[in-house]
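Trainee: Coordinates for the following, if possible.
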Amino acid sequence: MTKVCLYFQIHQPYRLCEYNFFQIGKHLPYFNDYLNNLVLDKVSSNCYLPANELFSNLIQKYNSKIKLNFAISGTVISQFEKNQPETLLSFQNLFKNPNIELISETFYHSLASVFKIDEFEFQIKKHQSKIEEVFNKKTTTFRNTELIFKNSLVEPLKNMGFTSILTEGVSRINSNFKNNTFLKSKNDNLKIHCRNYPLSDDIAFRFADPTHIDFPITAEKMIQKIKKQSVHSDYIFIGMDYETIGEHFKKKREFLTFGRNF
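Mentor: Here you go, the predicted model:
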């Protein structure tokens with residue numbers, strides 16, 4: 001029986017202030033705290049709080065049949081701590097469930113892996129420490145920013161104790177498989193999990209697209225698509241931004257209903 005591995009990414013950046021020429025060198029704050037707080041309030045109301053409630057109820061109803069994976073950046077955790085303690089508490093309560101795994105990433109949701117490996121490792125350790133401090137969970141799976149992967153990352157990540165890496169299921173990586181599943185690195189103890197981007201993007205980008213052939217995308221249609229692909233896979237890895245639920249689409253209640261049925 002094919003299992004569906006559902007993964008969500010949670011991140012909010014620090015937004016920069018706009019400066020004109022005459023403000024350069026005036027030692028004004030770099031970050032726009034007003035805009036940061038405004039966005040965090042809106043997304044918490046539209047997505048984080050109702051989505052956390054949705055999954056808490058589903059896990060309580062179906063118990064061990066539902067298992068979820070979350071990658072939450074250190075940047076958004078820091079913003080929760082400063083400006084949204086009630087939202088942070090909501091995540092803490094949700095993540096207490098043993099059916100939820102937390103995934104490591106770079107603390108700042110950065111591109112450090114592209115430029116400097118020392119900084120990359122520093123940010124991962126900083127993120128791991130934050131996850132353990134705030135959520136009391138240890139991580140064994142890593143996902144890089146935007147699922148970037150290259151072979152040179154395998155050895156450092158293995159040395160840091162990771163057993164799995166998440167990446168995009170593009171054809172040049174996943175060409176040996178009829179469907180997205182996992183690849184084994186040169187070290188058999190490290191698995192590379194490939195996101196099923198067609199199914200993931202059906203939900204994340206095409207859910208509200210009236211020109212899409214399957215519009216409207218319903219839970220029943222998604223289940224049938226998964227069944228068709230399940231012939232070739234032990235599991236199907238579906239990943240997207242958490243903000244997809246209730247924030248990216250204006251009809252948030254419609255999407256929350258989809259989530260309950262799915």
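
Trainee: ranges for the helices of this structure?
Mentor: 33-43, 49-62, 74-83, 85-95, 112-115, 117-135, 154-159, 171-174, 197-204, 219-229, 252-261 (DSSP state H).

Trainee: Now render the ones you listed as JSON lines, adding mean neighbour count and mean pLDDT.
Mentor: Where you see a C-beta, it was placed from the backbone N, CA and C, and this is true even at glycine. Shown next, in JSON lines, are these (neighbours: other C-beta atoms under 10 Å; pLDDT from 0 to 100):
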{"stretch": "helix 33-43", "mean neighbour count": "15", "mean pLDDT": "95"}
{"stretch": "helix 49-62", "mean neighbour count": "16", "mean pLDDT": "90"}
{"stretch": "helix 74-83", "mean neighbour count": "19", "mean pLDDT": "96"}
{"stretch": "helix 85-95", "mean neighbour count": "17", "mean pLDDT": "97"}
{"stretch": "helix 112-115", "mean neighbour count": "16", "mean pLDDT": "93"}
{"stretch": "helix 117-135", "mean neighbour count": "17", "mean pLDDT": "97"}
{"stretch": "helix 154-159", "mean neighbour count": "16", "mean pLDDT": "91"}
{"stretch": "helix 171-174", "mean neighbour count": "12", "mean pLDDT": "58"}
{"stretch": "helix 197-204", "mean neighbour count": "19", "mean pLDDT": "82"}
{"stretch": "helix 219-229", "mean neighbour count": "14", "mean pLDDT": "78"}
{"stretch": "helix 252-261", "mean neighbour count": "15", "mean pLDDT": "53"}
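
Trainee: Which of those helices sits closest to Tyr7?
Mentor: Closest approach to Tyr7 among the helices of the chain (C-beta to C-beta): helix 197-204, 8.9 Å.

Trainee: any chance of the helices of the chain in a markdown table, plus distance to Asn144?
Mentor: Compiled in a markdown table, these are given as follows (distance: least, C-beta to C-beta, whole Å):
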| stretch | distance to Asn144 |
| --- | --- |
| helix 33-43 | 23 |
| helix 49-62 | 24 |
| helix 74-83 | 14 |
| helix 85-95 | 21 |
| helix 112-115 | 6 |
| helix 117-135 | 9 |
| helix 154-159 | 9 |
| helix 171-174 | 13 |
| helix 197-204 | 16 |
| helix 219-229 | 25 |
| helix 252-261 | 26 |
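
Trainee: so which of these gets nearest Leu16?
Mentor: helix 33-43 (9.2 Å).

Trainee: for Thr163, what are its contacts?
Mentor: 140-141, 189-191 (C-beta atoms under 8 Å, 6 or more residues apart in numbering).

Trainee: Tell me which of the helices of the chain sits nearest to Ser104.
Mentor: helix 117-135 (5.6 Å).
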